[in-house]
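**Student:** For reference, the sequence and a predicted model appear below.
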Amino acid sequence: MRHSKVINHLGRTSSHRKAMLSNMATSLILHKRISTTTAKAKALRTFVEPLITKSKDDSTHSRRVVFSYLKDKTAVAELFREVSPKVGERPGGYTRILKTGHRLGDNADMCIVELVDYNEAMLGGEAVKTKTTRRRKTAKKKDDTVAETKAPKAAKEKAKKTEEPEVKAKASDEAVPKE
């Protein structure tokens, strides 16, 4: 029976699993996005999200606790300087798992794990969604009328430019008496 067996051991010993998750969390913090299997991504999410929550409180104690998990100075500095201010208002859910299909060699489910606030494509997509547009019955007629209105304006402008010198020339001819 499977009573109280919550952790996915990922087919590794405890020390190997901790080292692997530490390395993956470091890569995620430094690169903001990594590609891995879905099982490892789910295990990584439970590993890294409490660390990001801990980084919201920038104190010596929280830095030491996070360093005991990550074991990399640059990742800890990046987490406390750049990541935690960006996710300060977010109450949780700092990572996103995007499934990408199956790996060619062993058919393992692959995915991309990313920090939510660092994906520009997703953030840009939200801005486009908020834009509202009107629906019109005949969009084709609108395009045709726009083309027609632009063409006569251009023709009128050209005509004005060509008429102005002629008008000035006629006015100057009239002012000069003929001999």
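**Tutor:** Sure, I can see it.

**Student:** Kindly report the domain assignment for the protein.
**Tutor:** With domains defined by automatic domain parsing, the chain comprises 14-119, 138-179.

**Student:** most tightly surrounded among those?
**Tutor:** domain 14-119 (a mean of 16; mean count of other C-beta atoms under 10 Å). From N, CA and C alone the C-beta is placed, and that goes for glycine too.

**Student:** thinking again about what came up before, turn the domains of the chain into a markdown table, columns for mean pLDDT and distance to residue 8.
**Tutor:** As requested, these are exported to a markdown table (pLDDT from 0 to 100; distance: least, C-beta to C-beta, whole Å):
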| stretch | mean pLDDT | distance to residue 8 |
| --- | --- | --- |
| domain 14-119 | 96 | 5 |
| domain 138-179 | 56 | 52 |
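
**Student:** can you list those domains in a markdown table and add distance to residue 7?
**Tutor:** Below are these laid out as a markdown table (distance: least, C-beta to C-beta, whole Å):
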| stretch | distance to residue 7 |
| --- | --- |
| domain 14-119 | 8 |
| domain 138-179 | 56 |
